[in-house]
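Undergrad: Model the following, please.
(chains A, B and C)
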Amino acid sequence: MKQFSYVRASSPEDAVQRAIAHQESQFIAGGTNLVDRLKAFLDNPSELIDVSRLGLKEIETMPDGSIRIGAMVSNTAVANHHQIREHYPLLSRAILSGASQQIRNVATVGGNLLQRTRCPYYYDTAFACNKRQPESGCAARHGINRMHAILGASEKCIAVHPSDMCVALAALDAVVEVQGANGQRQIPFTEFHRLPGNTPQWDSNLEPGALITAVILPPNPAAKTGIYLKLRDRTSYAFALVSVAAMVAVEGDAIHHARLALGGVAHKPWRSLETESFLEGKTAASETFEQAAEIALQQAQPLSHNHFKVSMAQRAIKRAFTISAQGGSTA
Amino acid sequence: MLDSTLEDQSPTPARNSPIQGETEVTLTINDESYTVNIEPRVTLLDVLRERLGLTGSKKGCDHGQCGACTVLIDGERVYSCLSLAIMQEGKTIVTIEGLGSEEELHPLQAAFLENDGLQCGYCTPGQICASAALLEEVKQGSASAITPDLTSLPDLETLSEAEIKERLSGNLCRCGAYNGIVAAVQQVSGQAAPSPAANILVEEPEQ
Amino acid sequence: MNKVVGTSVSRKEGLAKVMGKAPYSAEHSISGIIHGYLVTSTIAKGRIQSIDTQAAEQAPGVIAVFTHNNRPLIFEPDNDFQNSKIYESRLPLSDDQIYYGGQIIGLVVADTFEQAREASQLIEVEYEVETPLVDSRQATYEPGISMFGESMTFSKGEFAAGNFEAGIANAAASIEATYETATELHSPMEPHAIIAHWQDSDSLTVYEPSQFVMNSQGTYAQLFGILPKKYASLPPTLAAPLARKRFLGPIVFFVPLLPVNSSAP
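TA: Residues are numbered from 1 along each chain as shown, chains lettered A, B, ... in the order given. This is a model prediction of the structure:
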């Protein structure tokens, strides 16, 4: 951890101004990922701007029925909020399946979005990593790549975004509210994170100096049946090998409002629009969900150590849709 | 959790102009006020252990994976190794040293002893702080990843063994004292913990 | 039956442990303590071509930087199990050779842990990289060191397999069952940490996790050319030194390299 100066922002506007004026600065809120990266010399800011005391800690229902979650609300508080539990149970489940209670108590909503897409080779400075040092190479591609991406990866980077919460948010059509130099703007969740392409050093489309102020959940009656299924090496406190956020609303036998997002498979929370449009209007039956699962993984390009992820994801998708079609709920 | 009984607390400094190098930071720990001269990069764990001699909080991995550094901040469990000390100004910190005294152990400390929830003891302070928070969370109706129904939450009497294990998954024990740890939490939850006597299939020989 | 088997007995040091008051090796308060941070090899085999410590030496708070170029004098111990024992017969920082990844190649000493850690990143190392041998069947075996006068040379293993299928078919009885166990990694929670406290030039107190206190004492005495009786090694907390903490590993050699009080976390 290099020496840095420390300052507390007095308002979101103040935070953004400071960040733009001081280009080697970084925001810190919960710090659960950033402090760890600082210790490993992965990030070397010359100034930390503390944004943890700006308020932004409300969860409120907006006039249009959407729910606005302040960026500094802890992951724990979101997961245990009565409206989230009732109307967006898959979001509660996704959050609770991620990290540990100690991390969730401190980690913020905004910070969860901005944790780095990462892999062990990124963390170990003895290895080449294009994300850590652009154009230095990727040691993971022909290394131990069991945990890595099977969708949307590039020659430059095969790391996966580790968040569980973000997978649920992707499925829920969430919107990210951002304070930038030119005021506020809203970014659809699926456009917030990036695929690696030739610039894996950038995980998101947030412009330099911009601050996340809230995440907005649009009203969604089908979300009550949503499922979050996480498969991992350990029972708890481990990143997903594969995770699935899925929901369908069934009227008669016909599927409406299908949503599918995958975690542990790509550089960003992976939303599968093809699968969703395939399911629309189809009969809620085992074969339908099996076909849906195949469509979702059609583009998969597994690496030497993670072929298992393809069938694991397919089975998880089928199971999640099946449970959702039956009305949802399950631990 | 303990409430701060300090009355003459100085207000938390605004820190609206950048701090360079060492600066005075005042922290409220176990109902006492401590002032240290530290750089902003110093973690809460390193302040506790290296500056204040409060070595009950342990450094196992220093990366937020083992849980040995767990302390309570404003009543919530937190990894002190991932927390910058300067960011804790104005908050109420409780460490294992503030949880109980030799005369009056915290019920969890007594239960860990009684149920042998430790061997080398290095993870124990973190386990106990995490367990103390766990009991409080259950009382306040917080869910875990394996809670079957998010609208009907377990209370201390009905908290299952699996729930306890899931809720303590942020604390590792390399000696493998998990059974004793779970039994200790069950005991303090008011559940019938397994007998502390070793379960050995021996009988007194016939006289 | 005796009164111990089947009854619950609290650990002798249990009370101190549940209160956070049991002192482990890095938990002894000594005024003026300074901190060491290790620099380790990022290659598995080869040679250090150059190691530039200039920037690290000039970093804030840094007291000294040690590498193979300036290692202070230490003596080869007998390493015979009786009077002394070390894990690696090659003394650290002996030369520029790299035998394994993570091998200690330097030590930064500074006023604070944070300063030592930062300075460690300023050390520039250039390596001549060789391909490591990772197949034990290709390895050559050299005579090992003598233990209690007996040779401890490992011989190359010979492997043979019988016919399991035939054997089990002819067995008088057989049982077929599947047993599963979670992955267990044997790695103690307490990290290796040492505090060395030089009272004067031939009197040293070391706080370290050890299962072999007397032997450690003898080893330190031989390494640093001091009289064993002047040297005291305190076992920190009972049961803390679990396996892997039996003999002195490479980390300990650095402690007394330091001219003053120090700790090497």
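
Undergrad: Run through the residues that contact the residue of chain B found nearest chain C.
TA: As assessed by CB to the nearest CB, chain C sits closest to B:Gly56 within chain B, at 2.2 Å. For every residue, glycine as well, the C-beta is placed using N, CA and C. By CB atoms under 8 Å, 6 or more residues apart in numbering or on different chains, the contact set of B:Gly56 is B:Leu48, B:Thr95, B:Ile96, B:Glu97, B:Pro125, C:Met19, C:Gly20, C:Lys21.

Undergrad: now do A:Arg53
TA: By CB under 8 Å, 6+ apart, the contact list for A:Arg53 reads A:Arg8, A:Ala9.

Undergrad: just C:Pro132 next, same as before
TA: With CB under 8 Å, 6+ apart, C:Pro132 has these contacts: C:Ala44, C:Lys45, C:Tyr100.

Undergrad: C:His192 and chain A, how far apart?
TA: Look at C:His192 and chain A: by CB to the nearest CB, to the nearest Å, they are 18 Å apart.

Undergrad: That should have said B:Gln65, apologies.
TA: Between B:Gln65 and chain A the distance, using CB to the nearest CB, works out to 8 Å.

Undergrad: hang on, isn't that residue packed against B:Leu172?
TA: Yes: using CB atoms under 8 Å, B:Gln65 is in contact with B:Leu172, at 7.4 Å.

Undergrad: what about these two, which has more around it?
TA: B:Leu172 (20 against 17; other CB atoms under 10 Å in any protein chain shown).

Undergrad: Does the more buried one touch B:Cys123 like I think?
TA: Yes: assessed by CB under 8 Å, B:Leu172 is found in contact with B:Cys123 at 6.4 Å.

Undergrad: Need the overlap of contacts for the two.
TA: Joint contacts of B:Leu172 and B:Cys123 (CB under 8 Å, 6+ apart) are B:Gly60, B:Cys66, B:Gly67, B:Ala68, C:Met189.

Undergrad: which residue packs closest to the second one, ignoring adjacent ones?
TA: By that I understand B:Cys66. Distances taken as CB to CB, 6 or more residues apart in numbering or on different chains place B:Gly60 nearest to B:Cys66, at 3.7 Å, with adjacent residues excluded.

Undergrad: ok, that neighbour - contacts?
TA: B:Gly60 sits next to B:Cys66, B:Gly67, B:Ala68, B:Cys69, B:Tyr122, B:Cys123, B:Gly126, B:Leu172, C:Met189, C:Glu190, C:Pro191 when contact means CB under 8 Å, 6+ apart.

Undergrad: Could you look up the SS state of the first one?
TA: Put plainly, it is B:Cys66. Counting by DSSP: H, G, I helix; E, B strand; the rest coil, the backbone at B:Cys66 sits in coil.

Undergrad: which residues does it contact?
TA: B:Gly60, B:Cys123, B:Gly126, B:Asn171, B:Leu172, C:Met189.

Undergrad: and which of these is nearest C:Ile51?
TA: B:Gly60 (30.5 Å; CB to CB).

Undergrad: Check whether that closest one sits in a helix, strand or coil.
TA: Assigned with three-state DSSP, B:Gly60 falls in the coil class.

Undergrad: And for B:Ile164?
TA: helix.

Undergrad: Return the member of the shared contacts of B:Leu172 and B:Cys123 nearest to chain A.
TA: Using CB to the nearest CB, those come closest to chain A at B:Gly67, 6.6 Å.

Undergrad: Can you give me the distance of that closest one to A:Asp233?
TA: 18 Å (CB to CB, to the nearest Å).

Undergrad: The two: which has the busier surroundings?
TA: For the pair B:Gly67 and A:Asp233, the greater number of neighbours falls to B:Gly67 (29 against 11), based on other CB under 10 Å.

Undergrad: Chain neighbours aside, what residue packs nearest to the more buried one?
TA: Nearest to B:Gly67 is B:Asn171, by CB to CB, 6+ apart, at 3.3 Å.

Undergrad: I'd assumed B:Gln65 was in contact with that neighbour.
TA: No: counting by CB under 8 Å, B:Gln65 is not a contact partner of B:Asn171; they are 10.1 Å apart.

Undergrad: List buried residues within the contacts of B:Gly56.
TA: Buried subset of the contacts of B:Gly56 (neighbour count, 16 or more other CB atoms under 10 Å in any protein chain shown): B:Leu48, B:Thr95, B:Ile96, B:Glu97, B:Pro125, C:Met19, C:Gly20, C:Lys21.
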